[in-house]
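S.K.: My questions are about this predicted structure, shown below with the sequence.
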Amino acid sequence: MEALRAHYTPHGVQWLLVYIAEAHAEDEWPIGAPVVAVNQHKNTAERAKACKDCADALGIQLPTVLDGTDNEFDDTYASWPLRFYLIDNGIIEHIAMPTEGAYDMTEIDQWLSMKVPQNPF
């Protein structure tokens, strides 16, 4: 993802991560060894701390916002556990879905390459 961001950001592509409720919170549905073990957020301060800890642990440098503790974004866009929304001029044109818990970033690269004018030089 970082390679895509580095390549497409200079061409005007904007990136935004929306941090939502924990999919596998330790106090609800723990699975495996988490990158960052955290209980489900009960308030905005807990969600903000979990977001920062996760971003730091994974080296994520994307601009990030938090879904409210009412989970309105997640409820509206069904973003759990992880989705990529590819938006052009305010219209969601493609929703990339994970396969076996991971993404083939080629799908996102192909969509972006059709949308973004490439510098021939």
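M.R.: Received the coordinates, thanks.

S.K.: Dead centre of this protein: give me the residue that sits there.
M.R.: Closest to where the C-alpha atoms of the chain average out (C-alpha atoms, centre = their mean) is residue 17, at 4.4 Å.

S.K.: Distance-wise, check that one relative to residue 73.
M.R.: Per C-beta to C-beta, to the nearest Å, residue 17 is found 11 Å from residue 73. Bear in mind the C-beta positions are built from the backbone N, C-alpha and C, glycine included.

S.K.: what does residue 12 give?
M.R.: The gap separating residue 12 from residue 73 is 24 Å, by C-beta to C-beta.

S.K.: If you count surrounding residues, which of those two has more?
M.R.: More crowded of residue 12 and residue 73, by other C-beta atoms under 10 Å: residue 73, with 17 against 9.

S.K.: host element of that one?
M.R.: With the criterion set as DSSP states H and E, the secondary-structure element containing residue 73 is helix 72-77.

S.K.: Next, the buried residues of the helix or strand that that helix is followed by.
M.R.: Under the assignment DSSP H and E, the closest C-terminal helix or strand after helix 72-77 is strand 84-88. Neighbour-count burial for strand 84-88, with 16 or more other C-beta atoms under 10 Å as criterion, is recorded at 84, 86.
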